[in-house]
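Asks: Sequence and predicted structure are below.
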Amino acid sequence: QQQVKQSPQSLIVQKGGISIINCAYENTAFDYFPWYQQFPGKGPALLIAIRPDVSEKKEGRFTISFNKSAKQFSLHIMDSQPGDSATYFCAASRGWETSGSRLTFGEGTQLTVNP
Amino acid sequence: KAGVTQTPRYLIKTRGQQVTLSCSPISGHRSVSWYQQTPGQGLQFLFEYFSETQRNKGNFPGRFSGRQFSNSRSEMNVSTLELGDSALYLCASSLWGLAGERNTGELFFGEGSRLTVL
């Protein structure tokens, strides 16, 4: 079954803290793992993505850690800011280059960063 | 460059009616996909079109259909609306399928069409 399970459902962090969101997948054929950020009233926007040939990818304050053997990946937001308050979705797809845009999304995490 | 444009942004229908939603992708993008977003089910893939051909279809009943035109614009239709069809319908375009482009896998989403079925 092609599921992606995401936790926690909601997360409250103080400004300057580290936000950590976890995802687990079942289908070992998945080979592309993006994270999307969604603000109220807007569509999701790609934040950062990783492929399973690396264990970590960092872009500014955002880092994806990937554990292929455990079939888990996580998003770390360092120095969290109130502007990071949004809903975050992990996702996965398999054979993206052939299967196109079919992403399987996690349930989402509503992040609130308090000032 | 203009983003993905979806119309209408909001609409209210009653059970049994049908609805058509429109999506204009980013200029130059030829792949368009549709997702349904609800609080209970999250984001679920509906279908994807490339060069006027449906490439992938999600697990939705046949009441959900779509098409793509030669200018890459896409429409989705839901017939015989049910209360459970109330959702935000998101369209996304991508560079997938374009020869020579650096396809990163990124989907560019529109702001969605919020459908309420009464």
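Replies: Cool, the structure landed. Residues are numbered from 1 along each chain as shown, chains lettered A, B, ... in the order given.
Asks: so residue 32 bridges to which residues?
Replies: Picking chain A for this. For residue A:32, the beta-bridge partners are residue A:93 (DSSP bridges).
Asks: that's the wrong chain, I wanted chain B
Replies: residue B:49, residue B:93.
Asks: for it, what are its contacts?
Replies: B:23, B:25, B:48-50, B:68, B:72, B:74, B:91-93 (CB atoms under 8 Å, 6 or more residues apart in numbering or on different chains). Where C-beta positions appear, they are placed from N, C-alpha and C, glycine not excepted.
Asks: Repeat that for residue A:77.
Replies: A:18-20, A:61-62, A:84, A:111.
Asks: Would you show me how to pick out the buried ones of the residues you listed in ChimeraX?
Replies: Entered in ChimeraX, the line below selects the buried ones among the contacts of residue A:77, by 16 or more other CB atoms under 10 Å in any protein chain shown:
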select /A:19,20,62,84,111
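Asks: which one of the contacts of residue A:77 sits closest to residue A:27?
Replies: When the contacts of residue A:77 are ranked by distance to residue A:27 (CB to CB), residue A:20 comes first, at 23.2 Å.
Asks: Tell me the spacing between the closest residue to chain A within chain B and residue A:46.
Replies: Residue of chain B nearest chain A, by CB to the nearest CB: residue B:109 (3.1 Å). Distance of residue B:109 to residue A:46, computed by CB to CB, to the nearest Å: 9 Å.
Asks: For residue B:84, which three-state class applies?
Replies: Under DSSP: H, G, I helix; E, B strand; the rest coil, residue B:84 falls in the helix class.
Asks: count of residues packed around it?
Replies: 10 (other CB atoms under 10 Å in any protein chain shown).
Asks: Run through the residues of chain A sitting next to chain B.
Replies: Selection of chain A residues close to chain B by CB under 8 Å from any CB of the partner chain yields A:32, A:34, A:36, A:41-46, A:49, A:89, A:91, A:93, A:96-97, A:99-108.
Asks: Buried subset of those residues as a PyMOL selection?
Replies: Buried residues within the residues of chain A next to chain B, by 16+ other CB under 10 Å, are selected in PyMOL with:
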select buried, chain A and resi 32+34+36+43+44+46+49+89+91+93+96+99+100+101+102+103+104+105+106+107+108
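Asks: taking the residues of chain A next to chain B one by one, which sit in strands?
Replies: Cross-referencing the residues of chain A next to chain B against strands under DSSP state E gives A:32, A:34, A:36, A:45-46, A:49, A:89, A:91, A:93, A:104-105.
Asks: ok, which pair from the residues you listed is furthest apart?
Replies: Farthest pair in those (CB to CB) is A:45 and A:104. Separation: 18.1 Å.
Asks: Note down every partner strand of the least confident helix or strand in chain B by mean pLDDT and its orientation.
Replies: Lowest by mean pLDDT, DSSP states H and E among the helices and strands of chain B is strand B:53-57, with a mean of 91. When sheet partners are counted by DSSP bridges, strand B:53-57 sits next to strand B:42-50 (antiparallel).
Asks: No further questions, thank you.
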